[in-house]
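Have a look; sequence and predicted model below, questions after that.
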Protein chains: 2
Amino acid sequence: MTKPDVLITGSYPEWDMQPMQEAFTVHELAADASATSLPRDVADKITALAMKGHAPIDGAYMDALPNLKMIANFGVGYDAIDVEAADARGIAVTNTPDVLSDDVADLAVAMLIAQARDMMGAEAWVRSGNWGTQGAYPLKQKVSGSRIGIIGLGRIGHEIASRLAAFKCEIGYSSRSRKETPGWQYFDDHVALADWADHVVIALAGGPGTAGLVSKQVIEAIGPRGILVNISRGSTVDEPALLDALESGRLGGAGLDVFENEPKIDPRFLKLKNAVLQPHQASATAETRQDMGALQRENLLSFYAKKPLQTPVNKTGKSYPR
Amino acid sequence: MTKPDVLITGSYPEWDMQPMQEAFTVHELAADASATSLPRDVADKITALAMKGHAPIDGAYMDALPNLKMIANFGVGYDAIDVEAADARGIAVTNTPDVLSDDVADLAVAMLIAQARDMMGAEAWVRSGNWGTQGAYPLKQKVSGSRIGIIGLGRIGHEIASRLAAFKCEIGYSSRSRKETPGWQYFDDHVALADWADHVVIALAGGPGTAGLVSKQVIEAIGPRGILVNISRGSTVDEPALLDALESGRLGGAGLDVFENEPKIDPRFLKLKNAVLQPHQASATAETRQDMGALQRENLLSFYAKKPLQTPVNKTGKSYPR
């Protein structure tokens, strides 16, 4: 039996490559390259794309792979993929939700506390020897018991909220619709949520529907003692407004794992003293990346076996097998 | 009415000094000075000591204040005070429990995640510009769902456990006696707990009864993938064994807020790449320090009003008023 031809983008560790090569004939392409750069005979053979990274996959990319019927994204956020273009071409799209929610929520909570308690500054105080020569580090801000506003109460937002509830925090959220919760307060307006909350965590999906949704007005409603945590996508925030607010102190602090133009982020971030900056590592544990790789492959295997896909995200994918 | 004469040690912010001076005639003494250095006429007037810091208060110190009847400690840990010597002299001792438990638990959880996810290294990766030029940071270790062993399940240990339970962690604990818990697993042996657990958090009281209780054997039972978090006292751990285990990799990592000889800590700590080091700041938020100061004063005011003390720790204090 010949193995199906799968195009893969991005870098995969051995624990993914080995099972991938066992099941498929694997063709590699750099994440930022276009499918038009593939030799014609290879492009014609490709029936599925195993995608990793954030470089856009648009209709032209899909058209360069005339037999493409499936895009399996590594990651929960599939904003890089033009899903409408995929549907128009009868291409199924899948992602890897759920398996990464715990890790993302862990980092969100830790960034909030790290910023409130200035753990990075305190660590430097110890390591420089200043603690021994100059004494105690200045007092910081308490997290437990504060009001937390979650923008976007999907799977990840829910995991963040349930953790912070154990810190005796009051939980509020804004979302397209009211969700079933253990008594968390619903706001139909992001500014009203930010006004009510001490700190805000963004847990939105990316893509054009949420671009710039965390506006200057939302940011300034969080206020000079508040902290904004973002583990979603850089695109959800008005980034120039965020930088202005952090530099001027109109926003107290931030914990950021995602940025516009990452990894080449705006150099103004690097000078901020009131922000924890992480390199989009919220799901970057060995355990979770293995689970994500396994789910990406399960979707591919189901596709070729003509079984229902595990985690489809578009109309074509949800109707598979057709 | 003359105000009672209170000796205070350590540095107090305005929010403490002002109400203290309204209620008492305040005499200041450096935290590391002996009461024998006070002028005789001052020493004779002192009826209470409002103590801050970790310098020892022994029988000789108490004897230098012949009319001392009360020691109000700022902080939950009163291991610096010789409580038996206080009881022998009919001196009541109080501390400031509960009000700081949330902050301490917050920092314990954040140090565990910060170490598992190498947030300090990841932050440096962003700030140095390496993310932009060299790409993704290496994968780290998942915290949610892991087995957490808490050594010492007092008020603070309980707060840490209830937070980590919301991270879907399995909770085990070792303690002098079995406690009422929501199904957390009891171990009567610290090594057995460390062997069972992925990560261990020390939440013991300080003092001679717990000195070196976290032995080389306990540390090595945590193992090369495990993390040890300490928010109790440096004295609870065999520190040379801890340093050896961290340097050799026999212990995976640590999150440490307390040390022997702090703030002049062993310089071997400063070179560790596998430890988060904090300057004994677990209770160091403005909110909590205000609550601690208020509770210290309430104990003093109750003492002078001959009312029951809020939070006595020794026999004399518990029997007050006599």
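That came through fine. Residues are numbered from 1 along each chain as shown, chains lettered A, B, ... in the order given.

can you count the residues close to the nearest residue to residue A:293 once chain neighbours are set aside?
Distances taken as Cβ to Cβ, 6 or more residues apart in numbering or on different chains place residue A:16 nearest to residue A:293, at 4.0 Å, with adjacent residues excluded. The C-beta positions use only the backbone N, C-alpha and C, and glycine is treated the same way. Counted with other Cβ atoms under 10 Å in any protein chain shown, the neighbours of residue A:16 add up to 21.

Same check on residue A:305?
9.

who touches it in this structure?
For residue A:305, the contact set (Cβ atoms under 8 Å, 6 or more residues apart in numbering or on different chains) is empty.

Can you tell me how far it is from residue A:299?
Using Cβ to Cβ, to the nearest Å, we find residue A:305 at a distance of 11 Å from residue A:299.

mind checking pLDDT for residue A:32?
Looking at residue A:32, its pLDDT reads 89.

got it, and residue A:136?
Note on residue A:136: pLDDT of 94.

show me the contacts for it.
Shown in contact with residue A:136 (Cβ under 8 Å, 6+ apart): B:263, B:279-281, B:284.

Strands of the stretch 151-300 of chain A, residue ranges please.
For the stretch 151-300 of chain A, the strands defined by DSSP state E, counting those that start in this stretch cover A:170-174, A:185-187, A:199-202, A:227-230, A:253-256, A:275-277.

what packs against the second one?
Using 3 or more Cβ pairs under 8 Å, 6 or more residues apart in numbering or on different chains; DSSP states H and E as the contact definition, the elements that strand A:185-187 packs against are strand A:170-174, helix A:190-196.

Give me the contacts around it.
Taking Cβ under 8 Å, 6+ apart as the rule, strand A:185-187 contacts A:149, A:170-175, A:178-179, A:193, A:196.

at 6 Å what do you get?
When contacts are defined by Cβ atoms under 6 Å, 6 or more residues apart in numbering or on different chains, strand A:185-187 is touched by residues A:172, A:174, A:178, A:193.

hmm, back to that, please identify the most buried of the helices and strands packed on strand A:185-187.
Ranked by mean neighbour count under mean count of other Cβ atoms under 10 Å in any protein chain shown, the helices and strands packed on strand A:185-187 are led by strand A:170-174, which reaches a mean of 23.

any residue of that one up close to chain B?
No - Strand A:170-174 lies apart from chain B when judged by Cβ under 6 Å from any Cβ of the partner chain; the minimum separation is 12.0 Å.

Next, the residues that contact that strand from outside, please.
A:147-151, A:153, A:161, A:165, A:184-185, A:187, A:190, A:193, A:196-197.

One more pass at 8 Å, please.
So strand A:170-174 is contacted by A:146-153, A:157, A:161, A:164-165, A:179, A:181, A:184-190, A:192-193, A:196-197 (Cβ under 8 Å, 6+ apart).

would you put the C-alpha positions of it in CSV?
Presented in CSV, the C-alpha positions along strand A:170-174 are these (Å, rounded to 0.1, in the frame of the first residue of the first chain):
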residue,chain,number,x,y,z
GLU,A,170,-14.1,37.3,41.7
ILE,A,171,-14.6,36.3,38.1
GLY,A,172,-16.3,38.4,35.4
TYR,A,173,-16.2,37.8,31.7
SER,A,174,-17.2,39.3,28.4
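
That one: partners in the sheet, and parallel or antiparallel?
Each strand paired with strand A:170-174, and its direction, by DSSP bridges: strand A:147-151 (parallel), strand A:185-187 (parallel).

would CSV of the ones you listed with mean pLDDT be doable?
Compiled in CSV, those are given as follows (pLDDT from 0 to 100):
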stretch, mean pLDDT
strand A:147-151, 98
strand A:185-187, 98
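
out of those strands, nearest to residue B:312?
Nearest to residue B:312 among the strands paired with strand A:170-174 is strand A:147-151; the distance by Cβ to Cβ comes to 34.6 Å.

contacts for that closest one?
Contacts of strand A:147-151 (Cβ under 8 Å, 6+ apart): A:157, A:160-161, A:164, A:169-175, A:184, A:187, A:190, A:193-194, A:196-204, A:213-214, A:218, A:236.

and if we set it to 7 Å?
Under the contact criterion Cβ atoms under 7 Å, 6 or more residues apart in numbering or on different chains, strand A:147-151 has outside partners A:157, A:160-161, A:164, A:169-174, A:190, A:193-194, A:196-204, A:214.

still on that earlier bit, okay if I get the strands of the stretch 151-300 of chain A as JSON lines plus distance to residue B:131?
Below are the strands of the stretch 151-300 of chain A laid out as JSON lines (distance: least, Cβ to Cβ, whole Å):
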{"stretch": "strand A:170-174", "distance to residue B:131": "30"}
{"stretch": "strand A:185-187", "distance to residue B:131": "34"}
{"stretch": "strand A:199-202", "distance to residue B:131": "20"}
{"stretch": "strand A:227-230", "distance to residue B:131": "16"}
{"stretch": "strand A:253-256", "distance to residue B:131": "12"}
{"stretch": "strand A:275-277", "distance to residue B:131": "9"}
